[in-house]
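requesting a structural model of the entry that follows:
(one chain, ligands or ions: 1)
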Amino acid sequence: MRTPTSPVCIDRGRLKELNDRELKRLNNSTPKSEAMYERARTSMPLGIATSYHWRDPWPIYLTDGKGSKIWDVDGHEYIDYLNGFGCMVHGHAHPAIVRAVQDRITRGSQFCEPTEDAMIVAEELKRRWGLPKWRFSNSGTEATMDAIRMARGLTGRDTFVKIFGSFHGHHDYVMVSTYLPVEQIGPRDNYNSIPYGKGIPACVPPMTIPVPFNDAVATEKRVERLIEEGRKPACIMMEPCMMNIGVVLPEPGYLEAIRALCDKHGILLVFDEVKTGLTVAPGGATEYFGVKPDIVTIAKCLTGGLPGGAIGGTEEVWEPVERQEVWQVGTYNGNPLCMAAARATLFEVLNDEGYAHLNTVREHLLDGCQKVIDKYNLPAYPIGIGCKGFVTFSPVKVVDYESYLANQDGELTEFTWHYLANRGVMAAPGRDQEFTISVQHSIEDADRYIDVFDELASELTG
Ligand code: PMP
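Numbers count the residues shown, from 1 in each chain. Prediction:
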């Protein structure tokens, strides 16, 4: 990763003109999506199944996916770098996943009684993370919700600490201090606990204490103040590598310092690896950075595009569950269909060969983006890890939520998304989401991204 030395100054008028042109082109070329939206909004709020499918003026409705490609209702083909927000590291309709799911569904897909696959998946996750016991959930949200309950159940404490700006799912406890404008953040040593949207009871946010990423000193001071106030946290929940503000890596020594802080005070460390788990290394960020949490949550790509998640933990954190004092439950937890997909994911897709390919394609893509940045002297830098990456439009390195808000260029990021989409490259939308490469992406797919990025840079700066 290299930040630019003296980048060009982006002509904002030209950027606006180009962005308007690209938006118009996208809207004009997606009439069937528009018609589908008009129909869908009569039966679904905003015409979509989850608010995160929203796009102004209408979403792009899809029909098919195969390998690295997806198709929309207007017949456009895209190389998919959104990849289901990181669920589809397999690529679409991977033969191993199709085989496993087809086989399982013909033999029964839900019994609400245990099957062997769940045990085999748990054993493999245990081997990869070095955490002895695992249970399952149906999403990342359920995994982080259960992890917090387990931490509270074991310690008997209500308060917990999270990183300001991190997203951990949509249950009330974690929908706090994320996606906020700068004026609501509050002072760095005492960030505000603010609910993300309405409907969250007023008693909830004060239990969730936000601290800055990559700042162990500020975290230590905040934790010590909480202890003085008689509100020792049950856990610190964090993404070891932040992935909801592009990609922000931990600075050297940071994760170790947080681990030491937790050990010093008897606070549990929870790594939310819903995005990093299985995507950055076989044993996630835990393996990659060599710092071990007490609890880990994973989801997204674990179950091959089906809904699923998992929670791993030390013997100690599972004891209250073993004693039936803390309830970790769910009708669909570890259901046979998702477990068959997870087993195929772990043994047939995300194996050594799979990771080697992901790393090769990511390096090629980011090297290509770096060359374009250098050629046009753009205020940007590429950053990535495993199959995840991002071109951060910022002249300086982003290290936390505050520096992201202050420096990352949202307009340039939006323009890039429109420009790529119009040329058959589907990037992750918004200024916060990183791209995901799949095992079915080729070097040619990466070259297409680089070529379009070059074209964009040439138009923007020319
Ligand atoms: N944790 C993290 C780090 C996430 O990025 C997300 C979703 N983007 C979640 C939890 C929630 O996962 P889900 O959408 O499966 O509930």
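
can I see the domain layout of the protein?
Following automatic domain parsing, the chain resolves into domains at 12-89+351-461, 95-349.

V291 and H364, how far apart?
The span separating V291 from H364 equals 29 Å under the rule CB to CB, to the nearest Å. Yep, even glycine has a C-beta here, placed from its N, CA and C like the rest.

same deal with T345?
Taken as CB to CB, the span from T345 to H364 is 24 Å.

could you check which of these two has the larger neighbour count?
Using other CB atoms under 10 Å, the more surrounded residue of T345 and H364 is T345, with 28 against 19.

can you name the residues that contact the more buried one?
H90, I97, L278, C301, L302, T303, G304 (CB atoms under 8 Å, 6 or more residues apart in numbering).

grab the nearest non-local neighbour of the fourth one.
When the adjacent residues along the chain are set aside, C301 lies closest to V89, with 4.3 Å between them (CB to CB, 6 or more residues apart in numbering).

do A457 as well
Y376 (4.0 Å).

same question, G186
Looking at G186 with CB to CB, 6+ apart, the closest residue is N192, at 3.7 Å.

verify the stated contact: the one you found with V176.
No. Using CB atoms under 8 Å, N192 makes no contact with V176, being 9.3 Å away.

what residue in the stretch 51-200 of the chain comes nearest to the ligand?
Nearest residue of the stretch 51-200 of the chain to the ligand (CB to the nearest ligand atom) works out as G140 at 2.3 Å.

just checking, that residue touches K300?
Yes. Using CB under 8 Å, G140 makes contact with K300 at a distance of 6.4 Å.

can you pull out the strands in this structure?
62-66, 69-72, 77-80, 133-137, 160-163, 208-211, 235-238, 268-272, 295-298, 309-313, 381-385, 388-392, 425-426, 435-436 (DSSP state E).

buried ones in the third one?
It stands for strand 77-80. Y78, I79, D80 (16 or more other CB atoms under 10 Å).

and the first one, by the same measure?
Counting neighbours by 16+ other CB under 10 Å, one finds that the buried residues in strand 62-66 are G65.

picking up where we left off before, for N192 and V176, indicate the residue with more neighbours.
It is V176, of N192 and V176, that has more neighbours when counted by other CB under 10 Å, with 23 against 14.

what pLDDT does the closest residue to that one other than its chain neighbours get?
Spatial nearest neighbour of V176, chain neighbours left out: T208 (4.0 Å); criterion: CB to CB, 6+ apart. On the pLDDT scale, T208 is placed at 98.

ok, the one 3 residues further on next?
According to the predicted model, the pLDDT of V211 comes to 98.

OK, contacts around it?
Per CB under 8 Å, 6+ apart, neighbours of V211: V161, K162, I163, F164, Y191, A218, T219, R222.

run the last query once more with 6 Å
V161, A218, T219, R222 (CB atoms under 6 Å, 6 or more residues apart in numbering).

neighbours of the first one, just the number please.
Put plainly, it is V161. For V161, the count of nearby residues is 23 (other CB under 10 Å).

is it in a bridge, and if so with what?
Using DSSP bridges, the beta-bridge partners of V161 come out as I209, I236.

wait, it touches I236, no?
Yes. Assessed by CB atoms under 6 Å, V161 is found in contact with I236 at 4.5 Å.

enumerate every residue touching A216.
Counted by CB under 6 Å, 6+ apart, A216 has contacts Y254, A257, I258.

F271 versus the residue lying closest to the last one once chain neighbours are set aside, what's the distance?
Nearest-residue entry for I258: A216, 5.7 Å, with adjacent residues in sequence omitted and distances by CB to CB, 6+ apart. Distance of A216 to F271, given as CB to CB: 15 Å.

check A285 too.
From A285 across to F271, the span is 7 Å (CB to CB).

tell me which of these two has more neighbours.
Per other CB under 10 Å, whichever of A285 and F271 has more neighbours is F271, with 31 against 28.

let me see the contact set for that one.
P240, P293, V296.

verify the stated contact: the last one with G312.
Yep, that's V296 we're talking about. Yes. Using CB under 6 Å, V296 is in contact with G312, at 4.6 Å.

joint contacts of the two?
Joint contacts of V296 and G312 (CB under 6 Å, 6+ apart) are W129.

could you double-check that P382 sits in contact with C369?
Yes. P382 lies in contact with C369 (CB under 6 Å); the separation is 4.3 Å.

find residues that contact each of these two.
By CB under 6 Å, 6+ apart, the residues touching both P382 and C369 are V391.

between those two, which has more neighbouring residues?
Counted by other CB under 10 Å, P382 and C369 do not tie: C369 has more neighbours, with 25 against 22.

touching, that one and Y381? I think so.
No. In this structure C369 lies outside contact range of Y381 using CB under 6 Å: 8.9 Å.

dump the strands of the chain to TSV, plus distance to R41.
Listed next are those as TSV, based on distance: least, CB to CB, whole Å:
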stretch	distance to R41
strand 62-66	17
strand 69-72	18
strand 77-80	24
strand 133-137	31
strand 160-163	34
strand 208-211	33
strand 235-238	36
strand 268-272	33
strand 295-298	34
strand 309-313	30
strand 381-385	37
strand 388-392	32
strand 425-426	23
strand 435-436	29
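
nearest to D409, of these?
strand 388-392 (8.9 Å; CB to CB).

great, nothing more from me.
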